[in-house]
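[1] model the structure of this input:
(chains A and B)
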Amino acid sequence: QQPVQSPQAVILREGEDAVINCSSSKALYSVHWYRQKHGEAPVFLMILLKGGEQKGHEKISASFNEKKQQSSLYLTASQLSYSGTYFCGTESGANNLFFGTGTRLTVIP
Amino acid sequence: EAQVTQNPRYLITVTGKKLTVTCSQNMNHEYMSWYRQDPGLGLRQIYYSMNVEVTDKGDVPEGYKVSRKEKRNFPLILESPSPNQTSLYFCASHDRGRSPLHFGNGTRLTVT
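    Take a look at the predicted model:
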């Protein structure tokens, strides 16, 4: 039931943009995005609910296309603090969340 | 402070020796879950609980047991640990509705 994330890894210079994609084979009620720093627990970024909305959080935003069962996370003007592994979590009912394999983002000066 | 508390943080054990990883949350959340994290495989769900005495298997339940006798606690039990259960384990809880997961700090388990 794991969603598929891409790319697996990306390296950016400060100020560059990145897109991380998440897709599921199941109909989705919601998509979550989390960021995990090395050695720490994942930290919540945002939830997108069924309805195709787009949300923003500082310079990080996301979209959710429920018809395609896909979500994308957009990181603009990246900062060093954005480095980490990003996980999408998808929920297909029963309020139960399944996570993707993660995207390792490295931002270099 | 609202938190999910996992113990222990680190555990080294031998094959076959039963162990329990505890998880407790102080937010009165109905939903709790256990995940394991392995390189390249992301976070995989082991078990999930919707409320007291209500649990369900996740993607990788083999070799694990859980119980939810109280709302705040959700221990993970390995009756006979094997080396392939060496992993980083996270407990998480969340409220009803589509709400954020709160994670514990993780338990790094090594089975030799």
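[2] where in chain A is the helix or strand with the lowest mean pLDDT?
    Ranking every helix and strand in chain A by mean pLDDT, DSSP states H and E puts strand A:54-57 at the bottom, with a mean of 66.
[3] could you look up the next helix or strand downstream of that strand?
    Counting by DSSP states H and E, the next helix or strand C-terminal to strand A:54-57 is strand A:60-65.
[4] give the pairing partners of that following strand; include direction for each.
    Sheet partners assigned to strand A:60-65 using DSSP bridges are listed as strand A:54-57 (antiparallel), strand A:70-75 (antiparallel).
[5] quick one: that strand to chain centroid distance?
    8 Å (CA atoms, centre = their mean, to the nearest Å).
[6] up against chain A, what does chain B have?
    B:31, B:33, B:35, B:40-45, B:48, B:50, B:56, B:58-59, B:90, B:94, B:96-106 (CB under 8 Å from any CB of the partner chain). Using the backbone N, CA and C atoms, a C-beta is placed for each residue, glycine as well.
[7] quick check on these: which are buried?
    Using 16 or more other CB atoms under 10 Å in any protein chain shown as the burial test, these include B:31, B:33, B:35, B:42-45, B:48, B:50, B:58, B:90, B:94, B:98-104, B:106 as buried.
[8] spatially nearest residue to residue B:83, not counting backbone neighbours?
    residue B:111 (5.0 Å; CB to CB, 6 or more residues apart in numbering or on different chains).
[9] ok, residue B:68 touching residue B:31?
    No. At 10.3 Å, residue B:68 does not count as touching residue B:31 under the criterion of CB atoms under 8 Å.
[10] tell me the pLDDT of the residue most central in space within chain B.
    The residue lying closest to the centre of chain B (CA atoms, centre = their mean) is residue B:34, at 3.2 Å. Predicted confidence (pLDDT) for residue B:34: 97.
[11] for the host helix or strand of it, give me every contacting residue.
    Here residue B:34 sits within strand B:31-38, counting by DSSP H and E. Under the criterion CB atoms under 8 Å, 6 or more residues apart in numbering or on different chains, residues A:95-97, A:99, B:23, B:25, B:43-51, B:58, B:60, B:64, B:66, B:68, B:74, B:76, B:87-96, B:101, B:106 lie in contact with strand B:31-38.
[12] and the longest strand along chain B, how far out from the chain's middle?
    Using DSSP state E to assign secondary structure, the strand with the most residues in chain B is strand B:42-51. Offset of strand B:42-51 from its chain centre (CA atoms, centre = their mean): 7 Å.
[13] same deal with stretch B:1-9?
    11 Å.
[14] quick check: beta-bridge partners of residue 49?
    Going with chain A. As for beta bridges, residue A:49 partners with residue A:30 under DSSP bridges.
[15] to clarify, I was referring to chain B.
    With DSSP bridges as the criterion, residue B:49 is bridged to residue B:32, residue B:55.
[16] tell me how far it lies from residue B:91.
    Residue B:49 is 10 Å from residue B:91, where distance means CB to CB, to the nearest Å.
[17] check residue A:88 too.
    Look at residue A:88 and residue B:91: by CB to CB, they are 20 Å apart.
[18] equivalent analysis for residue B:51, please.
    According to CB to CB, residue B:51 and residue B:91 sit 16 Å apart.
[19] between these two, which has more neighbouring residues?
    Shown here are residue B:51 and residue B:91; by other CB atoms under 10 Å in any protein chain shown, residue B:91 has more neighbours (30 against 13).
[20] which regions of chain A sit below the pLDDT cut-off?
    Residue ranges of chain A with pLDDT under 70: A:52-57.
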